[in-house]
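In: sequence first, then the predicted structure, then my questions.
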Amino acid sequence: MLLCNARIKDKGYTLFELAIILVILGVLLAIVAPSFIGMFNRNKVNDTLAQVRGALQEAQREAIKKSKSCTVTINTTNKKMTGSPGGCLPIERDFCDERDASGNCVRSAVAVMTNLTGAPPTLKFSFRGNTNKLGTIVVYSSDNSTNKMGCLVVSNGIGVMRTGYYDGSIASTAAIDPDDCHHE
């Protein structure tokens with residue numbers, strides 16, 4: 001004698017069971033999605049900071065190798081880095097995800113700010129690889145989905161660079177302080 005009245009031929013799920021599963025999956029996705037977006041943006045900040053450092057180091061090496069000064073322009077509005085004519089930075093670095101037909105940046109996951117002077121800001125390496133000004137470059141998520149900000153400080157004189165995390169103000173370029181860039 002069977003204790004259970006269950007129908008053996010019933011296979012599959014009811015519409016109600018599927019709706020419950022979809023609701024549970026939706027709640028889990030809503031909880032996990034911001035973490036993935038934040039992780040993606042933190043990685044984008046780290047990658048952009050590595051590109052900035054690599055471009056500056058390449059320009060510094062080229063200035064030494066070619067025995068001539070090399071100027072690097074950091075266009076924070078259009079999110080590009082370019083070198084002075086003559087090939088000190090042969091390939092421009094582009095931090096923009098999408099550009100319009102005119103070449104203007106319309107969408108980017110990262111923003112770049114610096115306290116370097118000039119319009120756009122520039123950094124010049126002499127034929128010895130040293131610089132004549134102290135500069136700090138801050139890279140952060142443009143939509144503020146992560147509070148992690150990366151920074152790069154170029155020392156005055158010898159041109160030594162260090163990277164880290166930035167915990168200072170980015171309210172204006174004048175507020176950017178190299179003392180707020182801490183080693184990770």
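Out: Here it is on my side, so go on.

In: spell out the secondary structure type for the spatially most central residue of the chain.
Out: Per Cα atoms, centre = their mean, the C-alpha nearest to the average position across the chain is that of Val45, at 2.4 Å. Secondary structure, DSSP: H, G, I helix; E, B strand; the rest coil: Val45 is helix.

In: swap in Arg162?
Out: strand.

In: that one contacts Cys181, correct?
Out: Yes - using Cβ atoms under 8 Å, Arg162 makes contact with Cys181 at a distance of 7.3 Å. Just so you know, the C-beta spots here come from the backbone N, C-alpha and C atoms, and that holds for glycine as well.

In: related to what we said a few turns ago, correct me, but the residue nearest to the centre of the chain touches Val110?
Out: Yes - with contact defined as Cβ under 8 Å, Val45 and Val110 form a contacting pair (5.7 Å).

In: shared neighbours, the two?
Out: Residues touching both Val45 and Val110 by Cβ atoms under 8 Å, 6 or more residues apart in numbering: 139-141.

In: pick the one among these closest to Val27.
Out: Ser141 (25.6 Å; Cβ to Cβ).

In: report the separation between that closest one and Glu98.
Out: As judged by Cβ to Cβ, to the nearest Å, Ser141 and Glu98 stand 16 Å apart.

In: who has more neighbours, those two?
Out: Between Ser141 and Glu98, counted using other Cβ atoms under 10 Å, Ser141 has the larger neighbour count: 22 against 8.

In: what secondary structure does the closest residue to that one other than its chain neighbours sit in?
Out: Leaving out its chain neighbours, the residue that sits closest to Ser141 by Cβ to Cβ, 6 or more residues apart in numbering is Asn41, at 4.3 Å. Per three-state DSSP, the secondary structure class of Asn41 is helix.

In: so Asn41 versus Cys70, what's the distance?
Out: Distance from Asn41 to Cys70, by Cβ to Cβ: 31 Å.

In: for these two, indicate the residue with more neighbours.
Out: Ranked by neighbour count (other Cβ under 10 Å), Asn41 and Cys70 place Cys70 first, with 26 against 20.

In: contacts only, for that one.
Out: By Cβ under 8 Å, 6+ apart, the neighbours of Cys70 are 59-60, 62-63, 83-84, 86, 88-89, 124-125.
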